[in-house]
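J.: sequence plus predicted model, see below.
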Amino acid sequence: MNSQTKHKQLDSLFQILETNNQAMGSIAIYKDKKLVYQNAIGFKNLADSIPADTNTLYKIGSITKTYTATLVMQMIENDKLQLDQQLSDFYPQVTNADSISIEMLLKHRSGIFNFTAEEGYLNRAEKPTSKQEILDRIYAYESDFKPGSQFQYSNSNYLLLTFILEDITNQSYQQLLQENIADQLSLTNTYYDFPDNRTLSYVPADPWNKEMDTDASVPRGAGSIVSTAKEVAEFYHALFNEKLISQESLQKMMEIQDGYGMALVKMPFYKKTSYGHGGGIDGFQSRAAYFPESNVTMAYLSNGVNYPLNDVIIKSLEIFFKKDFSYPDFRNIYKHSSSELNTFSGTYSSDQFPLDVDIIHKKGQLKGQATGQPEFPLRSVAKNTFEFKQAGLKIEFQPENGSLILKQMGQSFTLKKATPDKK
């Protein structure tokens, strides 16, 4: 298969996704330092009918952490910081600060509570938040576990790293990003927050509804960067080709423990292995991956996800690496009315299942939420059947008797909907 054929197949894939309102976003693929494919579908702003193009900026969410870790490794190479340096040198008020190293923060092994998991976080996320407010929230919690003993993803780690970078350089994170990464690589579309008109994000509805907009002062170096797919791919390609840090520093970032390195995860694709990171903030979802044996980098940034992001990426890579693939088929997807979705809504429970499950209809989108767990989107696959593919979850509603069948990991549970007076 020649490159022209691959390009046509990739174009067809994204045209199918766009035509069926299954995705909005942008993709870029690098091979041997050369941009070999890019595309953009959907809208930057639906209300104003502004289409996306390959220069559209997207929030990249937690992919930001790879940039932050790179800045940290640069400071270590310049003897401004050490991996074994203790957090107590900077923020002794954090619980167990004298037992937490910079390396533990980078690898999410600190035990520090994830402040974005705090109750009421989403209600505050759209408002500007000061450094001291963030620190006070982090200070307020005890450790989740003994530092270094296990892995637990916590945005608090990378917020603290952001503050440490600013403290030791007397520069803002925005300045550090610009001078040490963007300027070094001649990136002109990589920013800390949007410089002007914002790209909006959306959740599936009829066909899309605008999502919330987190203020950049909240995630900071844990998730505030905006960029294009092309420049995210350029950044990863440069990182793994030693344009930003040394090979020794890169190898430390790539050392995986409990599934995570220093802002890098190892991701398999058939017999190939890639290193990269994913991101999710508001309605934006993203993924970047570098394949060392092929010297190939792929970045996909999205501001609207209906068809699972992972499936978009897998099909794109199957085309690029000449694997067997099939285009997604949306001809038989059932289109639900608001009244039908309202029928499914309610609280479902069973003596055989440990959690209650709330089914919620929000602006044309059906969501689920188990007791004490975050909401998850449900995608229609048939008239009464929905799935959350990322968790291998399928729900079959039985509206005639007010129940649902929940299927996951080979198990099946029947849950009954509570009547209003029993709820």
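T.: Nice, I can see it. Numbering: from 1, shown residues only.

J.: which residues in the stretch 51-200 of the chain form strands?
T.: Ranges of strands in the stretch 51-200 of the chain, per DSSP state E, counting those that start in this stretch, are 58-59, 191-192.

J.: dump those strands to TSV, plus distance to residue 353 and mean neighbour count.
T.: Yep, even glycine has a C-beta here, placed from its N, CA and C like the rest. Converted to TSV, the strands of the stretch 51-200 of the chain look like this (distance: least, CB to CB, whole Å; neighbours: other CB atoms under 10 Å):
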stretch	distance to residue 353	mean neighbour count
strand 58-59	35	30
strand 191-192	44	20
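
J.: so for residue 296, which of the ones you listed sits nearest?
T.: Closest approach to residue 296 among the strands of the stretch 51-200 of the chain is made by strand 58-59 (20.9 Å; CB to CB).

J.: report the strands that pair with the worst-scoring helix or strand of the chain on mean pLDDT, each with its relative direction.
T.: Lowest on mean pLDDT, DSSP states H and E among the helices and strands of the chain sits strand 376-382, with a mean of 84. Counting by DSSP bridges, the strands paired with strand 376-382 are strand 365-370 (antiparallel), strand 385-388 (antiparallel).

J.: now do that strand: everything it contacts.
T.: 203-204, 306-308, 333-336, 359, 365-369, 386-391, 393-395 (CB atoms under 8 Å, 6 or more residues apart in numbering).

J.: switch the cut-off to 10 Å
T.: 22, 203-204, 305-308, 332-336, 341, 344, 359-362, 365-370, 385-391, 393-397 (CB atoms under 10 Å, 6 or more residues apart in numbering).

J.: domain ranges for the protein, per the record?
T.: 3-320, 338-417 (automatic domain parsing).

J.: so which of these is the most packed in?
T.: domain 3-320 (a mean of 19; mean count of other CB atoms under 10 Å).

J.: could you check the distance from residue 36 over to residue 296?
T.: 9 Å (CB to CB, to the nearest Å).

J.: who touches both of these two?
T.: By CB under 10 Å, 6+ apart, the residues touching both residue 36 and residue 296 are 29, 30, 320.

J.: centroid residue for this protein?
T.: residue 279 (1.9 Å; CA atoms, centre = their mean).

J.: check the secondary structure at that one for me.
T.: Three-state call for residue 279 (DSSP: H, G, I helix; E, B strand; the rest coil): strand.

J.: list the contacts of residue 371.
T.: 347, 349, 354, 355, 356, 357, 358.

J.: picking that back up, next, format the domains of the chain as CSV and append distance to residue 328.
T.: Formatted as CSV, the domains of the chain follow (distance: least, CB to CB, whole Å):
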stretch, distance to residue 328
domain 3-320, 6
domain 338-417, 12
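
J.: off-centre distance for stretch 276-295?
T.: In terms of CA atoms, centre = their mean, to the nearest Å, the centre of stretch 276-295 is found 8 Å from the chain centre.

J.: and what of stretch 266-277?
T.: With CA atoms, centre = their mean, you get 16 Å for stretch 266-277.

J.: kindly export that stretch (C-alpha atoms) in CSV.
T.: Extracted C-alpha coordinates of stretch 266-277, given in CSV (Å, rounded to 0.1, in the frame of the first residue of the first chain):
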residue,chain,number,x,y,z
LYS,A,266,3.6,2.2,27.5
MET,A,267,0.9,1.4,25.0
PRO,A,268,0.9,-1.7,22.8
PHE,A,269,-0.4,-1.9,19.2
TYR,A,270,-0.2,-5.4,17.7
LYS,A,271,3.5,-6.3,18.1
LYS,A,272,4.6,-2.7,18.3
THR,A,273,5.1,-0.6,21.4
SER,A,274,4.6,3.1,21.9
TYR,A,275,5.2,5.6,24.6
GLY,A,276,2.9,8.5,25.2
HIS,A,277,0.1,10.0,27.2
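
J.: reformat the contacts of residue 371 as CSV; add distance to residue 403 and secondary structure.
T.: Formatted as CSV, the contacts of residue 371 follow (distance: CB to CB, whole Å; DSSP: H, G, I helix; E, B strand; the rest coil):
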residue, distance to residue 403, secondary structure
347, 12, strand
349, 10, strand
354, 17, strand
355, 16, strand
356, 14, strand
357, 11, strand
358, 15, strand
